[in-house]
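In: predicted model and sequence below, questions to follow.
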Amino acid sequence: MNAAHLIPITSTQRIAYAFLAHLVILLIGAACAAGIDGLARLDADAIRRNALDPRPAAFAQVTLTLALMSGMIGGGLYALSHERGDSHFADARLLVSARRLWTITCAALPLVVWIEPGISPLLDVLPALTVIAVGIVVVRGVPRWWGLPRLWLAGLCALAAGCLLAETPFGGVLRDGLGIGLGVVALAFWQMHRFSDLPMGWVNTGLYSVGGLWTVGAVWLGLPPLYRLIPFTGQVGAAGVVILPVVCAILASHAHLALTHRNTMRTLSAYWVGLYVILILIGMGLLGAVNALPDAARYTATTRLAGLQTELIRWAFAAVLLGAVNQIAAELRRENRRITGLAPFWLVGFGVLLVAIGEGCAGVVETYLRWLMGMSAPQAAALVIPLMTLAAIGRIGMLLGLVGYGAGFWVRRVR
């Protein structure tokens, strides 16, 4: 038996590792469903007849959301376990119950969505119960509330509120932008401290500044859907043309400082954090700034550009969490090595960039055809199929990369 398998780990670390295993499995499922949906959208006749099956897209969206929540919870539990001297939370039974409930949730909800995409009440309650239980354990177990614990817990609270308010216009902002977003920022800085020589004081200062700016940016990202509901939000949202690029630039500057002060850590967490920054710059700094303009939001609301912004930001979150999995697996195995390999990283990275190029160009052309040429939505969608083919190739690359990542994670798993 491999010696790494004989190294004891605490019950908290074991539960955190289980949440991270859920992340890997769910990301493969989300990429597979997104690939099926992308290939289906290459059928011009089905597009014209409006006969596309909505189940793969709904399945991919729900599965990706559950994956991001799994990674945020698992990565945070592992990182915060080191805030305790014994690396173990006292409320072990509650944590075990939360992990079991989460396993049931991750198995049941995608199945429910596949059977009936319109069913949603359980999608809000079950994840919220798990998040609340984990929050109770962490609040009672972490002795010092500063830096990483504070920002991660703020994200956890926003995540629980967003799950309970998912049917409102503010639910998505709370769950994805503030909840998962703040948790991912915390885990990104935790990894920067791991793979760089920067001191913990720099990490805490960066956490507060970037976390605060991210909160502002997440609010601005959530304004475009409210332009028609609440007066004057359009004028306020237009400021996002300046605010969102500034937020992304400050985040990128912190990541650049960490990436240029590397230590001897050989894991791939630095690679995944770099991909995270690139996708945030495109999704939030570029597309988010464009969609912040009221006139632009009106034209792009029903095209691929609006959906592409959200998709790139969510896969940016996934990049940080995949880096955390790599880092945590290496630490639990007491090995300073690339756990999951470079090939999966390049496949996922180039795949998501192909999706950005293909769907971004398709969205621009689609907007031109619909609003300037007067075509209907099905006609415009049928004409951008060559560009969507590029996006479909990217999705297949992402799927292959995640399958390879999962294989490496399984082969070098900690037991």
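Out: Nice, thanks for sending it over.
In: all contacts plus neighbour counts: C-alpha atoms, from now on.
Out: Noted.
In: any low-confidence regions in the stretch 251-400 of the chain?
Out: The stretch 251-400 of the chain contains no residues with pLDDT under 70.
In: go with 90
Out: 264-266, 288-307, 309-310, 332-341, 362-387 (pLDDT under 90).
In: mind listing the helices for it?
Out: Assignment of helices within the stretch 251-400 of the chain using DSSP state H, counting those that start in this stretch yields the ranges 269-280, 288-292, 294-300, 304-332, 342-371, 377-383, 385-411.
In: tell me who's in contact with the residue nearest the centre of the chain.
Out: Centroid check for the chain by CA atoms, centre = their mean gives residue 317 as the closest residue, at 2.9 Å. Contact analysis of residue 317 by CA atoms under 8 Å, 6 or more residues apart in numbering lists 68, 180-181, 184, 276.
In: and which of those residues is nearest residue 149?
Out: Nearest to residue 149 among the contacts of residue 317: residue 184, at 12.4 Å, using CA to CA.
In: go ahead and confirm that closest one touches residue 321.
Out: Yes: counting by CA atoms under 8 Å, residue 184 does reach residue 321; the two are 7.2 Å apart.
In: what is in contact with the two at once?
Out: Here residue 184 and residue 321 have residue 72 as joint contacts, going by CA under 8 Å, 6+ apart.
In: if we can go back for a sec, please flag which of the contacts of residue 317 sit within helices.
Out: Residues of those located in helices (DSSP state H): 68, 181, 184, 276.
In: what two of these are the furthest from one another?
Out: Across the ones in helices among the contacts of residue 317 (CA to CA), the longest gap, 13.5 Å, separates 68 and 276.
In: what about these two, which has more around it?
Out: Higher neighbour count among residue 68 and residue 276: residue 68, with 30 against 27, using other CA atoms under 10 Å.
In: contacts only, for that one.
Out: Residue 68 touches 23, 180, 314, 317-318, 321, counting by CA under 8 Å, 6+ apart.
In: could the residues you listed be laid out in JSON lines, adding distance to residue 355?
Out: Below are the contacts of residue 68 laid out as JSON lines (distance: CA to CA, whole Å):
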{"residue": "23", "distance to residue 355": "21"}
{"residue": "180", "distance to residue 355": "22"}
{"residue": "314", "distance to residue 355": "13"}
{"residue": "317", "distance to residue 355": "16"}
{"residue": "318", "distance to residue 355": "15"}
{"residue": "321", "distance to residue 355": "20"}
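In: out of the residues you listed, who's the most crowded?
Out: Among the contacts of residue 68, residue 321 has the most neighbours (other CA under 10 Å), with 32 neighbours.
In: returning to what we had before: which one of the ones in helices among the contacts of residue 317 is nearest to residue 359?
Out: Distances from residue 359 to those, taken by CA to CA, are shortest for residue 276, at 18.7 Å.
In: if I look at the spatially closest residue to that closest one that is not a sequence neighbour, how far off is residue 235?
Out: Of all residues not flanking residue 276 in the chain, residue 316 sits nearest, at 4.5 Å (CA to CA, 6 or more residues apart in numbering). Residue 316 sits 28 Å away from residue 235, taking CA to CA, to the nearest Å as the criterion.
In: between these two, who's got more neighbours?
Out: Taking other CA under 10 Å, residue 316 and residue 235 do not tie; residue 316 has more neighbours (27 against 13).
In: all the helices of the stretch 101-250 of the chain, residue numbers only.
Out: 121-141, 148-164, 171-172, 181-195, 200-221, 233-237, 240-259.
In: out of those, deepest packed?
Out: Mean neighbour counts were taken over the helices of the stretch 101-250 of the chain using mean count of other CA atoms under 10 Å, and the top value, a mean of 26, falls to helix 181-195.
In: hmm, back to that, dump the contacts of residue 317 to TSV, plus distance to residue 269.
Out: Putting those into TSV (distance: CA to CA, whole Å) gives the following:
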residue	distance to residue 269
68	17
180	18
181	18
184	13
276	10
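In: what sits against residue 33?
Out: Here residue 33 is in contact with 56-57, 59-60 (criterion: CA under 8 Å, 6+ apart).
In: try 6 Å
Out: Residues in contact with residue 33 (CA atoms under 6 Å, 6 or more residues apart in numbering) are 56, 60.
In: can you tell me how far it is from residue 386?
Out: 20 Å.
In: quick check, pLDDT for residue 119.
Out: You'll see residue 119 listed with a pLDDT of 59.
In: with distance to residue 115 as extra columns, can I get the helices of the stretch 101-250 of the chain in CSV?
Out: Below are the helices of the stretch 101-250 of the chain laid out as CSV (distance: least, CA to CA, whole Å):
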stretch, distance to residue 115
helix 121-141, 14
helix 148-164, 21
helix 171-172, 23
helix 181-195, 30
helix 200-221, 31
helix 233-237, 37
helix 240-259, 38
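In: read off the pLDDT value for the spatially closest residue to residue 378 that is not a sequence neighbour.
Out: Leaving aside its sequence neighbours, residue 378 sits nearest to residue 48 (CA to CA, 6+ apart; 5.0 Å). Note for residue 48: predicted pLDDT of 76.
In: would you confirm that residue 48 contacts residue 376?
Out: No: applying CA atoms under 6 Å as the test, residue 48 and residue 376 come out as separate, 9.6 Å apart.
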